[in-house]
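Peer 1: Sequence first, predicted coordinates after that:
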Amino acid sequence: METSSLPGVLSTPELQAFATGFPILMLHLAVTFGLLAAGAAVYALLTPWREIALIRQGNPAAAVAFAGVLVGLAIPLAVSLSVSTSIRDIAIWGVATVVLQLLAFRVVDFLLHGLPQRIEKGETSAAVVLAGAKLSTALILAAALTG
């Protein structure tokens, strides 16, 4: 039975690839999570209601609506991350997807007028419709990214 020496194991191509790739993975994740946080913050500032305050007050409709925003931003960011080859690609496509999603969210909010007031009142059904519309736009944008 052959035993491998520790220096031999540490110099395997797989471990060398991991050692090279892991810092890059962490940087790609940091940029993508930063874009997600920035997009969520901008959305929270643009909404006609204060979702975070409503969530802190225990409003389930606001929580559902904001969860839809987070997932709706994350879907195209995830696709952007998967098709990008560099930090520059991630930043460019990530910013583009966040901007497009925020514009799409504003259109959805406009088309489904009256929902913000219903969400403020805690109507979960309104939040589910709003979240569904935002997730739908996210999926379409994500598909557009792959060409």
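Peer 2: Cool, got the structure. Numbering: from 1, shown residues only.
Peer 1: How is residue 107 assigned, secondary-structure-wise?
Peer 2: Going by DSSP: H, G, I helix; E, B strand; the rest coil, the secondary structure assigned to residue 107 is helix.
Peer 1: Count the neighbours of it for me.
Peer 2: The local packing of residue 107 (other C-beta atoms under 10 Å) involves 12 other residues. The way it works is simple: take the backbone N, C-alpha and C, and place the C-beta from them, glycine included.
Peer 1: what about it, distance to residue 34?
Peer 2: Per C-beta to C-beta, to the nearest Å, residue 107 is found 25 Å from residue 34.
Peer 1: now swap in residue 61 and tell me
Peer 2: Counting by C-beta to C-beta, the gap from residue 61 to residue 34 is 28 Å.
Peer 1: likewise residue 26?
Peer 2: Distance from residue 26 to residue 34, by C-beta to C-beta: 12 Å.
Peer 1: Those two: which has the busier surroundings?
Peer 2: Using other C-beta under 10 Å, the more surrounded residue of residue 26 and residue 34 is residue 34, with 13 against 10.
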